[in-house]
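Student: The sequence and its predicted three-dimensional model are supplied below.
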Amino acid sequence: MVQPLDYHAHHAAFGAYGSFTLGALGKGGGFNVHDGRGPCRDEVYIGFGRASEGWRLLPFSLVSPSDVSAFATCSEDTDAASIRNIPETELSRRLGWGTDTWTADNFRLSIHTPFGEIPDPRRDGWEATGNAMLPAVWAELEFDNSDSTEEAVVVFGTGQGDTGVGPLERDGLVGASRQGREGFATPASTGAKPFCAFSLQEAFDKNLSVRTPHWLGSNFGLTWTVRAGEVKRFPLAIGWHVGGPATAGIATTYAYTRQWPDLESVLAQAVAYQEQAQRIAAVRDLELESSKMSDERKWMLAHATRGYFGSSQLLTTPSGDPVCIVNEGEYCMMNTLDLAVDHAPFEVRFFPWFTREVLELSADRYSFVDGLKVPGETSEHPGGLSFCHDMGVRNRFSAEGNSSYEKSDLEGCFSHMTFEQACNWPLVAALYAKATHDRIWCGRHAKILEGVLESLQRREHPDPSRRTGVPGTDSTRCGTGTEITTYDSLDPSLAQTRQNLYTTTKLWAAYLALEALLDLAGRADLARIAREAALRSAAAVESWPEREGILPAIADGRNVSAILPAVEPLVYPLAWGDTEALSPDGPFGAMVRKLGRHLGLVLDKGLCRFPDGGWKLSSTSDNSWLSKIWIAQVVSERVFGRAPDARSDLAHTSWLAPGSAEWGFCDQIEHGRAIGSKYYPRGVTSILFLD
């Protein structure tokens, strides 16, 4: 595979809700700090130059002239070095799991985003998390001037953003920062010089020597000199810092402020840590490269991982408790439970305590007990325990027991997802508990598990004698409206909770999760009840009405939609290792076989495929989410033994680049372009391909 060249990537640090976004040609880039609505569009200056030929820059950004219109006595510098972008045809790019590298002529830029296992701050103390919390990424610039008789200058900078730039005042370092919030630094021993001006041209003489920095400007960065005949590498730390309150509703600060009180301390530590950071990034690169995944899937996982980290927040309360958040991309909703269930396989691989903290906050602050409505009945029935769709939006926690998304008296988008969240919480919990074998945690939450089990059974029907394993009620939180699912913006067949094939198989998986959790908690009596309930839901799928072997999305005798999410919930027992539940000869074998036939038919008949070979979630909607498609592909290959679909991998790659290149990783795609869910974290479902 020749990797894509032209696309933005989130170069992001774990838990710091920020990134240095870069890579879309001609689209700028730069810092996003404490805000995930979209990539920065500042100018970016990265490249090299010689006095005889001017600047040659990587073509990320057009370069703007000086804007000094507010200063009547000033005039634009007309005696400036020329600037040319390196042609796209001369540029190559390689994205690994930890390193993103551009090469052009005799110039190379690598940006390193290391990650790995992170100690649990609640168990091991905040000090143990160490450099994993640094709000920084690392660049290395290399220039080969060995064939030239002329001195060269290497440049890295950004501009046209806010003013407030100043030099880094730290012994042994050279750097510059903006408003004490974001900046760059490198060892003074590299010979770096800072620049700042109204424009790149104004910052340098025509021979490319640095002029005295004009700190009134907003264009700033660093330069290095490479003498004729030399090959030089220059390390660069790129960091950011947000002090003071991080969220409202719950008082928090960024956890990294416990160790690094300001940006200068962040950059100083990042410079000292650079060699180790690059080694860790190289380990991740090798791990991904040596896997048996296709090249397309390797690239998509590397791209998606950066999107996850760019949306992550690790915070701390005044008492020192961790608060863990993943923001929902451009929507900035906090800990959306629909996403948490899909992030969990990635999180439990590297930092399962993060998943645990999301579960704890969901149970402690964003759980509730509701009533139930049965269609055709006017009386209200007792409901049960469930959880909010999300915990707030844009760094503000919602009031206890309320989300930012859900509203009453609606049918369709923005209604309540009470049933599905009651499934999601135990599914996330099982992924955590089965990965960590944390019996103590399960035992401590036995009452919650018992409450969720009772709640899910009631949501089939309040009368035990009328339970069929299929969700059949609406929460009273919906008012006059009806409940929806996480697939709210697809066709109506996937939006309705009641009599829904997807929610029925998800209910089966949630009962299996509860069985496993209750067994770990030492509640064998309740585990048996959960098992019986799972058998009931499996029997419902076994008897689901068919249309030429295909299972319609809604069992109402009218719906004809064929959907991939019918098989999605099978991924959960697969992820926590319950192979018996997925065996065609096991206790749920008839259901598994029926779902396998359904999946084969909707794919082989082309009902759930786009013309380019990409998979689509519903036969009656062109709106699809990549993260959910990948789950279906994992089930297709690991549960049903179908061969990987190489043509779809190529199509899905093209949906991201060039299709959605300006936004970093995007999830919600229609006809090969992102229509929503941009700058998104959920693509880490692709971690399932790695195992």
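Tutor: Thanks, I have the structure now. Numbering: from 1, shown residues only.

Student: tally of neighbours for residue 30?
Tutor: Residues lying near residue 30 (other Cβ atoms under 10 Å) number 24. In this view, the C-beta of every residue, glycine as well, is placed from N, C-alpha and C.

Student: what are the bridge partners for it, then?
Tutor: In this structure, residue 30 bridges to residue 21 when assessed by DSSP bridges.

Student: how about the strands in the stretch 51-200 of the chain?
Tutor: 54-57, 83-85, 91-95, 99-104, 107-112, 136-144, 152-159, 165-167, 173-178, 182-187, 193-197 (DSSP state E, counting those that start in this stretch).

Student: Nearest spatial neighbour of residue 548, chain-adjacent residues omitted?
Tutor: Using Cβ to Cβ, 6 or more residues apart in numbering and skipping the chain neighbours, the partner closest in space to residue 548 is residue 601 (7.5 Å).

Student: I'd guessed that neighbour sits against residue 549; true?
Tutor: Yes - Residue 601 is in contact with residue 549 according to Cβ atoms under 8 Å; the separation is 5.2 Å.

Student: related to what we said a few turns ago, deepest in the core, which of the strands of the stretch 51-200 of the chain is it.
Tutor: strand 182-187 (a mean of 26; mean count of other Cβ atoms under 10 Å).

Student: Need the contact partners of that strand.
Tutor: 18, 31, 33, 156-157, 168, 170, 172-177, 192, 221-222, 234-241, 263, 267-268, 270-271 (Cβ atoms under 8 Å, 6 or more residues apart in numbering).

Student: Compare the strands of the stretch 51-200 of the chain and report which one is nearest to residue 633.
Tutor: If you check each of these against residue 633 by Cβ to Cβ, strand 91-95 wins as the nearest, at 20.6 Å.

Student: can you tell me how far the closest residue to residue 510 other than its chain neighbours sits from residue 502?
Tutor: Leaving aside its chain neighbours, residue 510 sits nearest to residue 423 (3.9 Å; criterion: Cβ to Cβ, 6+ apart). According to Cβ to Cβ, to the nearest Å, residue 423 stands 11 Å off from residue 502.

Student: Where does pLDDT dip in the protein?
Tutor: By pLDDT under 70, the weakly predicted segments of the chain are 64-78.

Student: ok, back up a step: between residue 601 and residue 549, who's got more neighbours?
Tutor: A count of neighbours by other Cβ under 10 Å puts residue 601 above the other of residue 601 and residue 549, at 18 against 12.

Student: Surely residue 615 touches residue 606?
Tutor: No - counting by Cβ under 8 Å, residue 615 sits too far from residue 606 to count as a contact (10.6 Å).

Student: picking that back up, could you report the neighbour count for the residue nearest to residue 510?
Tutor: 31.

Student: what does residue 576 give?
Tutor: Applying other Cβ under 10 Å, I find that residue 576 has 21 neighbouring residues.

Student: Just give the nearest non-adjacent residue to it, would you?
Tutor: Closest to residue 576 by Cβ to Cβ, 6+ apart is residue 434, at 3.7 Å.

Student: The residue nearest to residue 548 is in what secondary structure piece?
Tutor: helix 589-604 (DSSP states H and E).

Student: tell me what the lengthiest helix in the chain is packed against?
Tutor: Counting residues, the longest helix found in the chain (DSSP state H) is helix 263-289. Contacts defined by 3 or more Cβ pairs under 8 Å, 6 or more residues apart in numbering; DSSP states H and E place helix 263-289 against strand 99-104, strand 107-112, strand 136-144, strand 173-178, strand 182-187, strand 231-240, helix 295-310.

Student: For these, give me TSV that also has distance to residue 631.
Tutor: Formatted as TSV, the helices and strands packed on helix 263-289 follow (distance: least, Cβ to Cβ, whole Å):
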stretch	distance to residue 631
strand 99-104	26
strand 107-112	29
strand 136-144	29
strand 173-178	40
strand 182-187	36
strand 231-240	33
helix 295-310	13
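
Student: distance of the nearest residue to residue 684 once chain neighbours are set aside from residue 8?
Tutor: Spatial nearest neighbour of residue 684, excluding adjacent residues (Cβ to Cβ, 6+ apart): residue 346 at 3.9 Å. Note on residue 346: its distance to residue 8, by Cβ to Cβ, is 21 Å.

Student: Between these two, tell me which one has more neighbours.
Tutor: residue 8 (29 against 24).

Student: The closest residue to residue 138 other than its chain neighbours pairs with what?
Tutor: Closest residue to residue 138 apart from its sequence neighbours, by Cβ to Cβ, 6+ apart: residue 112 at 4.3 Å. Per DSSP bridges, residues listed as beta-bridge partners of residue 112: residue 99, residue 138.

Student: immediately after the helix or strand residue 385 falls within, which helix or strand?
Tutor: Per DSSP H and E, residue 385 falls inside strand 381-387. Tracing the chain C-terminally past strand 381-387 and defining elements by DSSP H and E, one meets strand 392-393 next.

Student: list the helices and strands the following helix or strand past that following strand packs on?
Tutor: Counting by DSSP H and E, the next helix or strand C-terminal to strand 392-393 is strand 396-397. In this structure, strand 396-397 makes packing contacts with no helix or strand, judged by 3+ Cβ pairs under 8 Å, 6+ apart.

Student: Pull the contacting residues for residue 316.
Tutor: Going by Cβ under 8 Å, 6+ apart, the list of residues near residue 316 reads 126, 252, 253, 254, 255, 258, 322, 323.

Student: Quick one: neighbours of the fifth one, just the number.
Tutor: So the one you mean is residue 255. Going by other Cβ under 10 Å, the residues that sit close to residue 255 add up to 23.

Student: same thing with the last one?
Tutor: Counted with other Cβ under 10 Å, residues neighbouring residue 323 total 24.

Student: Also the third one?
Tutor: Other residues near residue 253 come to 18 when the count uses other Cβ under 10 Å.

Student: so how far is residue 287 from it?
Tutor: For residue 253 relative to residue 287 (Cβ to Cβ), the value is 33 Å.
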